[in-house]
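Asks: Sequence and predicted structure are below.
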Amino acid sequence: MGSWSAARPLAISVRVRLPDQEKRSRAATADPNPRAWLGWVLLVGLIAVWLLSAHKPNAVLGRLSYLQFWLSVILLISAASFFVVRQLPGRLRRAVAFRFAAVAMGLVIALSLCEAIAFLWPVKHQMDNPWYLVAGGGTSDSVDLPFERPPHLQWEGMSRGDLALLNGDADPYARRITFETDREGFRNSRDIERADLITIGDSFTEAGNVLEAESFSVLAGQQLGLSSRNLGRAAYTAATELTVLKKYGLKCQPKVVVWQVSEANDLVEMQTYTNWVAAGRPRYFDVKPKSARFDAWKTRSPTVRIFDLFK
């Protein structure tokens, strides 16, 4: 009779997947970054910045200001990084996205530190006369004059030319000047009771961004052998200049009056003056002088220098 061999048990494995396990399994195999719409939102934002910007001088591509330029750079880099990560296999996306974010964070921190140093570093001198053109403008108790300079004012610093100042450009010919006013707030380094020659006009006459010795009033007086007094003031126009002549000029008992007229901006400023009178003569200049620290920051800032490279 044959013997019975030992029976081997038959192992049957049954795997039961619970609902929670099913959810975790799907999450492990799903796209780790399903927000595909985010990249398109970034691109739409970039297009919106471009369309909402207007043509302006000293701008990137003739449209983007400093803030618009850097906002566009951030949106462009973010959108490009997003679409690059989307093209990678799912298992690599999270790690690569983390590296991109780490690099971006490092750059932001480094630039922020540089910008803080550029802003907080002590200022050697103030760039541009805060009393010149529309920077500050001064105040006035007169009902006829929109603004006047403070008496016996004295400011010293670097001064750029008109076009460089208005356009925010660097000026290789900028020099250190002294800007002083007499007891009635006109650009004369000393009080003058009587003058043979007086000059009336706007910024061309006041000449607030050159040495006083180089102003037309001083040079004309020297050439003619006459005592002179400068009664020019930036942003004045025909109506205000006539008031200056009557109120301040005639009492100097001049032999010669030179009234300088500027074809560049006198008509525009006359309209501004007319609107000011029609509005009830409110405060003429509501613009505060720029701080010296802000001007110094612009010359030191790495982000401003990068912006200037693309202008």
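Replies: Looks like it came in fine. Since we're looking at a predicted model, the values are computed, not measured.
Asks: Mind pulling up the pLDDT for Gly138?
Replies: On the pLDDT scale, Gly138 is placed at 54.
Asks: how close does Leu92 get to Leu38?
Replies: To Leu38, Leu92 is 18 Å away according to Cβ to Cβ, to the nearest Å. Where you see a C-beta, it was placed from the backbone N, CA and C, and this is true even at glycine.
Asks: Have a look at those two and say which one is more surrounded.
Replies: Comparing Leu92 with Leu38 by other Cβ atoms under 10 Å, the one with more neighbours is Leu38, at 14 against 11.
Asks: Confirm for me that the more buried one is in contact with Phe82.
Replies: Yes. Proximity of Leu38 to Phe82 meets the contact threshold set by Cβ atoms under 8 Å, at 6.2 Å.
Asks: Name the next helix or strand following the helix or strand harbouring Ile198 along the chain.
Replies: Ile198 belongs to strand 197-200 when elements are defined using DSSP states H and E. Sequence-wise, the next helix or strand downstream of strand 197-200 (DSSP H and E) is helix 203-206.
Asks: Nearest spatial neighbour of Phe310, chain-adjacent residues omitted?
Replies: Taking Cβ to Cβ, 6 or more residues apart in numbering as the measure, Phe310 lies nearest to Val60, with 4.6 Å between them; neighbours along the chain are not counted.
Asks: quick one: average pLDDT of the lengthiest helix in the chain?
Replies: Longest helix of the chain, by residue count under DSSP state H: helix 90-120. The pLDDT scores in helix 90-120 average 90.
Asks: try stretch 270-290
Replies: Mean pLDDT, taken over the full extent of stretch 270-290, equals 77.
Asks: Could you do stretch 191-199 as well?
Replies: 96.
Asks: Just say helix, strand or coil for Met270.
Replies: Here Met270 takes the helix state, with states given by DSSP: H, G, I helix; E, B strand; the rest coil.
Asks: can you tell me which residues contact it?
Replies: Under the criterion of Cβ atoms under 8 Å, 6 or more residues apart in numbering, the neighbours of Met270 are 237-239.
Asks: Remind me what the longest helix of the chain packs against, helices and strands.
Replies: For helix 90-120, the helices and strands in contact under the criterion 3 or more Cβ pairs under 8 Å, 6 or more residues apart in numbering; DSSP states H and E are helix 66-86, helix 292-300, helix 302-309.
Asks: Of those helices, which is nearest His152?
Replies: With Cβ to Cβ as the measure, helix 292-300 is the member of those nearest His152 (21.3 Å).
Asks: close enough to count as contact, Phe119 and Arg293?
Replies: Yes. Here Phe119 reaches Arg293: they are 6.5 Å apart, a contact under Cβ under 8 Å.
Asks: List phi and psi for Arg63.
Replies: The phi/psi pair for Arg63 (degrees, to the nearest 10) reads phi -130, psi -40.
Asks: What is the neighbour count of the nearest residue to it once chain neighbours are set aside?
Replies: With Cβ to Cβ, 6+ apart as the criterion, Arg63 has its nearest non-adjacent residue at 4.4 Å, and that residue is Ser53. As a burial measure, the neighbour count of Ser53 was computed by other Cβ under 10 Å and equals 19.
Asks: Let me know whether Ser53 touches Ser65 as I believe.
Replies: Yes. If you go by Cβ under 8 Å, Ser53 and Ser65 touch, sitting 7.2 Å apart.
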